[in-house]
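In: Give me the fold of what follows.
(2 chains)
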There are 2 protein chains.
Amino acid sequence: MHMYGNWRSAAAFRVRIALKLKGIAYEETFIDLDAGDQHKPEFRRINPQGAVPALFDGDGPPLTQSLAILDYLEETRGGVRLLPEEPRARARARSLAQVVACDTHPLYVPRVRTFLMEHYGLPRERMLDFLRNAFTTGLATLETRLSTEAGTGRFCQGDSVSHADLCLVSLWVGTGIFGIDTAAYPTVARIAEACLDLPAVAEAHPLRQPGAPSA
Amino acid sequence: MHMYGNWRSAAAFRVRIALKLKGIAYEETFIDLDAGDQHKPEFRRINPQGAVPALFDGDGPPLTQSLAILDYLEETRGGVRLLPEEPRARARARSLAQVVACDTHPLYVPRVRTFLMEHYGLPRERMLDFLRNAFTTGLATLETRLSTEAGTGRFCQGDSVSHADLCLVSLWVGTGIFGIDTAAYPTVARIAEACLDLPAVAEAHPLRQPGAPSA
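Out: Below is the predicted model of the structure:
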């Protein structure tokens, strides 16, 4: 497979983890989001939304949106299962994933940060309050649910890694990149560490990808 | 089933359509989002995120997040199929759904609008620029994809209604509620009208629910 991604992208990180967990060979082309390469015509032809990841499985049209890609990989490839079998457990794993992928991450992507600075004239430091609020709201929801709901185990849903964990760890790594205080989220922290202990997650880590500050 | 919803909620609208299309009997309790009832302890015990919809199927724990609920209904109930069989078509339907449910709708929910007004001191009319930008960015992505990708038919993915259409029409109805200019999105408009022609969608329409301005 061939993925267009970016070292910092939380959505690309989720897909990269799934590819590695399922043992799928892939190449990744890095799109420079800071340089605006996602808006260039040649990339807009791949994804009109101007966002990563976009994944090619053979010659077919590009697959976009990280959660849709995770479901596609689950439905078409073997290897490690990334959703439980039982419908309510699946629904809970998906719901936790969507707390991140729907209600948290889209609030702090580059185009939102740019709009806040350019349209409202907010200096970068004040703009970051919006980002911090998104992170802490999402983290607080995850912490409350994971620390009170019966389904939580070593990972978000039981003792096996699922879409929920891929999303959780993508948010967790963002707390490091953006300097978010995580002291109030011990259950999220515990599960994130369990994820980061998996070789596939460690290898897929944003800071281990080309273009990352410490790479 | 028993749903906690709100007439205006785009996410509750999606789930309401699916319940009606699948012929599932349900009752709906309206949560007054303007009065802040979603933040009261009795509702936070149902959904710690303080968001609708929350759906009870029997006595089980509440199901939350609209896309997770749509998948749960698809996996556990018969009736009209709301995702195609073929994996690439499924992935495309899900990707289009997520353009709305991940990258557009979460940007204009009440908690975001409130943060922009309270934290940055933006008057309501200026705050609404953020909402309008979210709508038009999402609509432009949908229009480009739906008017150029081979999979589009009478509905977003072929000639059968899918999760993508439930999300599209939930965004479309929002353009009316919030006064968004839709002239530039004829393909989105055509598909939204095809959706609104379905009795299940018409019955589930926000403005036909208790509490709505014209109800």
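In: show me what contacts the residue nearest to A:Leu198 when sequence neighbours are not counted?
Out: What sits nearest to A:Leu198 in space, not counting adjacent residues and going by Cβ to Cβ, 6 or more residues apart in numbering or on different chains, is A:Val161, at 6.8 Å. Just so you know, the C-beta spots here come from the backbone N, C-alpha and C atoms, and that holds for glycine as well. Taking Cβ atoms under 8 Å, 6 or more residues apart in numbering or on different chains, we find A:Val161 in contact with A:21, A:80, A:82, A:155, A:195, A:198.
In: My read is that the second one contacts A:Leu19, right?
Out: Which is A:Val80. No: assessed by Cβ atoms under 8 Å, A:Val80 is found out of contact with A:Leu19, at 11.0 Å.
In: and these two? which has more neighbours close in?
Out: Legend: neighbour count by other Cβ atoms under 10 Å in any protein chain shown for A:Val80 and A:Leu19, higher for A:Leu19 (22 against 16).
In: Let me see the contact set for that one.
Out: A:Leu19 neighbours (Cβ under 8 Å, 6+ apart): A:1, A:3, A:26, A:73, A:204.
In: That one: which element?
Out: Applying DSSP states H and E as the criterion places A:Leu19 in helix A:10-21.
In: Which ones among the contacts of A:Leu19 map onto strands?
Out: Using DSSP state E, the subset of those located in strands is A:Met3.
In: Select the longest helix from chain A.
Out: helix A:124-148 (DSSP state H).
In: Among the contacts of A:Leu19, which one lies nearest to chain B?
Out: Nearest to chain B among the contacts of A:Leu19: A:Leu73, at 9.3 Å, using Cβ to the nearest Cβ.
In: so how many other residues sit close to the closest one?
Out: Neighbour count for A:Leu73, taken as other Cβ under 10 Å: 23.
In: Skipping its backbone neighbours, what lies nearest it in space?
Out: Using Cβ to Cβ, 6+ apart, the closest residue to A:Leu73 is A:Ala18 (5.3 Å).
In: Now for that neighbour, how many residues are close by?
Out: Per other Cβ under 10 Å, the neighbour tally for A:Ala18 reads 26.
In: Please apply the same query to the one 5 residues further on.
Out: A count of neighbours around A:Gly23, defined by other Cβ under 10 Å, yields 11.
In: Could you verify that it is part of a strand?
Out: No: counting by DSSP: H, G, I helix; E, B strand; the rest coil, A:Gly23 is not part of a strand but coil.
In: What separation do you get for it and chain B?
Out: Going from A:Gly23 to chain B by Cβ to the nearest Cβ, to the nearest Å gives 18 Å.
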